[in-house]
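**Student:** the following block contains a protein sequence and its predicted model.
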Amino acid sequence: MDKMKIVILGAGYGGLRALKGLQKKHLNAEITLVNKNEYHYEATYLHEVASGANPPERISFAIKDVVDTKQTTFIQDTVIKVNKDDKTVELDKTGLISYDYLIFALGFESESFGITGVDEYALPMVDINTAVAIKEHMHRQFAQYEATKDDALLSIVVCGAGFTSIEYLGELTQQMPKLIKQYNLPADKIQLTCIEAMPTLLPMFVEKLSTYGIQKLKDRGVKFLVGTPIKEVTADTVIYEENEERKSIKAKTIVWTTGVKGSSVVGGSGFEERRGRVMVEADLTAPGYPEVFIIGDCSAVMNPENNRPYPTTAQIALKQADAAVANLVAKVNNQPIVPFTFKSQGSVCSIGNNEAIGEVLGANLKGYPASMMKKVIEDRSLSQTGGLKIMFSKGRFDLYH
Ligand code: FAD
């Protein structure tokens, strides 16, 4: 009997977790994993690379280390399009590959919300390359200061105050003393500004926690502009609106972390989508395509408690990967599928290496204990994508190394 062909697109949280699950099932199948890089990166640590707190190697590992070559072929290539009616995938260099079952897990892209100048001048943080670009850009600005004394070189604007922005500012403020020394900068001229359109900061946490986290950043010199939507970005200016008045702030480093959308391959392949996300069926397949599972940031699943899609997180991507594998196996064996359900375990937002705020299983945490909890959660997720060996070599706790 011919082997069934299973293709996984993307080796992020969802894709790698699905691969590990499928390999354990030992199906009579040829598994193909496609990813644009030869490495997996933990997207939840990208802010550490962007701030310079850690090098890219610290948050990534080789995909070959989790590939069982007896069952799986890894193709390093870029996915252009899924031809869902022909059951083929178009890859940039390899051409067409076919599938019986597809697990689509291509993750997220930056969302500019159509604001003028964002694509040209603001720096997104969506993968290793963009995170490295932020760090290198900032270093170039600092390096020019001594000769030019242009204060805009010392001004950094972080656009948006969601998780990514706050975690980035947490690490960046901890790196600042080192950078000031390295480039001989006047500390009083460093300007860190975070601009948020919404009227409240970190609304997912109880007020006591969000106030604690924001105050920590203010104490480290971050200025917050809240309820001030950004209207335009130029090479050295961010223009925003405050009380219906247009105002601007000069900055040579403008980091764009206002939000993300699902991969543009979703729309390019003709799936019904909103901001790159497909509202999937209960078994996590695309409507009308029972052999195409869509997981992670490219999918949307309704939370019945508030009738809104769950936020896109690594946590839900990992759970979806397990559910997609279980339902794929059920379909192959003509067994009933199990509808996907999700219960968030909570979330923790870091404010640098040893500080965090969070809610885990109903308990509110702040400071060092929250930071420890975040490290435990991150290592658990690393073990789920990479396995124990990778967790011990790349994990958060220094005692492993
Ligand atoms: P990803 O993990 O993004 O993986 C997608 C993979 O597909 C990548 O390897 C990418 O290279 C590859 N790829 C993309 N396009 C192509 C293509 N065209 N061809 C080939 N390969 C391609 N979530 C949490 O749960 N907790 C947190 O604390 C948290 N913190 C975060 C902090 C930051 C700074 C950021 C940026 C995100 C954070 N998130 C957090 C969100 C989390 O990272 C995402 O929800 C998660 O990465 C989504 O997983 P995924 O499998 O859908 O995609």
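**Tutor:** Happy to help now that I have it. Numbering: from 1, shown residues only.

**Student:** residues contacting the one residue in the chain that gets nearest to the ligand?
**Tutor:** Of all residues in the chain, the one sitting closest to the ligand is Gly12 (1.7 Å; CB to the nearest ligand atom). Every C-beta, even on glycine, is put in place using the N, C-alpha and C of the backbone. Contacts for Gly12 were tallied using CB atoms under 8 Å, 6 or more residues apart in numbering; they are 40-41, 43, 105-107, 296, 317.

**Student:** same check on Ser350?
**Tutor:** Residues near Ser350 by CB under 8 Å, 6+ apart: 167, 170-171, 356, 371, 374.

**Student:** go with 10 Å
**Tutor:** By CB atoms under 10 Å, 6 or more residues apart in numbering, Ser350 lies in contact with 44-45, 47-48, 163, 166-168, 170-171, 213, 356-358, 370-371, 374-375, 378.

**Student:** same check on Gln384?
**Tutor:** 13, 16-17, 20-21, 314, 318-319, 321-322, 391.

**Student:** please enumerate the strands of the stretch 301-401 of the chain.
**Tutor:** Along the stretch 301-401 of the chain, the stretches classed as strands by DSSP state E, counting those that start in this stretch are 302-303, 308-309, 346-350, 356-360, 363-366.

**Student:** next to the ligand, which bits of the stretch 101-250 of the chain? Give me the list.
**Tutor:** Within the stretch 101-250 of the chain, the residues that sit near the ligand (CB under 6 Å from any ligand atom) are 105-108, 125, 127, 163-164, 167.

**Student:** among those residues, name the ones in strands.
**Tutor:** Among those, the ones falling in strands (DSSP state E) are Phe108.

**Student:** residue contacts, the spatially most central residue of the chain?
**Tutor:** In the chain, the residue lying closest to the centroid (CA atoms, centre = their mean) is Ala43, at 4.3 Å. By CB under 10 Å, 6+ apart, the residues touching Ala43 are 12-13, 59, 107-108, 125-128, 131, 164, 260, 296-297, 314, 317.

**Student:** try it again with 7 Å
**Tutor:** Applying CB atoms under 7 Å, 6 or more residues apart in numbering to Ala43 gives the contacts 12, 314.

**Student:** relative to Ser110, how far out is it?
**Tutor:** Remark: distance between Ala43 and Ser110 (CB to CB, to the nearest Å) = 12 Å.

**Student:** and Ile75, by the same measure?
**Tutor:** Ile75 is 25 Å from Ser110, by CB to CB.

**Student:** ok, the two, which is more surrounded?
**Tutor:** The neighbour comparison of Ile75 against Ser110 (other CB atoms under 10 Å) goes to Ser110, with 19 against 15.

**Student:** who are the contact partners of the residue nearest to that one when sequence neighbours are not counted?
**Tutor:** Counting by CB to CB, 6 or more residues apart in numbering, Pro124 is the residue found nearest to Ser110 once chain neighbours are left out, at 3.5 Å. Counting by CB under 7 Å, 6+ apart, Pro124 touches 110, 130, 256.

**Student:** looking at those, which are in strands?
**Tutor:** Members of the contacts of Pro124 lying in strands (criterion: DSSP E): 110, 256.

**Student:** and the contacts of Pro124 as CSV, adding pLDDT?
**Tutor:** CSV is the format used below for those (pLDDT from 0 to 100):
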residue, pLDDT
Ser110, 96
Thr130, 98
Trp256, 98
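
**Student:** going by distance to Thr32, which of the contacts of Pro124 wins?
**Tutor:** Ranked by distance to Thr32 (CB to CB), the contacts of Pro124 are led by Thr130 at 26.8 Å.

**Student:** could I get the full set of helices for this structure?
**Tutor:** Here the chain has its helices, by DSSP state H, at 13-25, 46-51, 118-121, 128-148, 163-183, 207-219, 264-268, 314-332, 368-385, 388-394.
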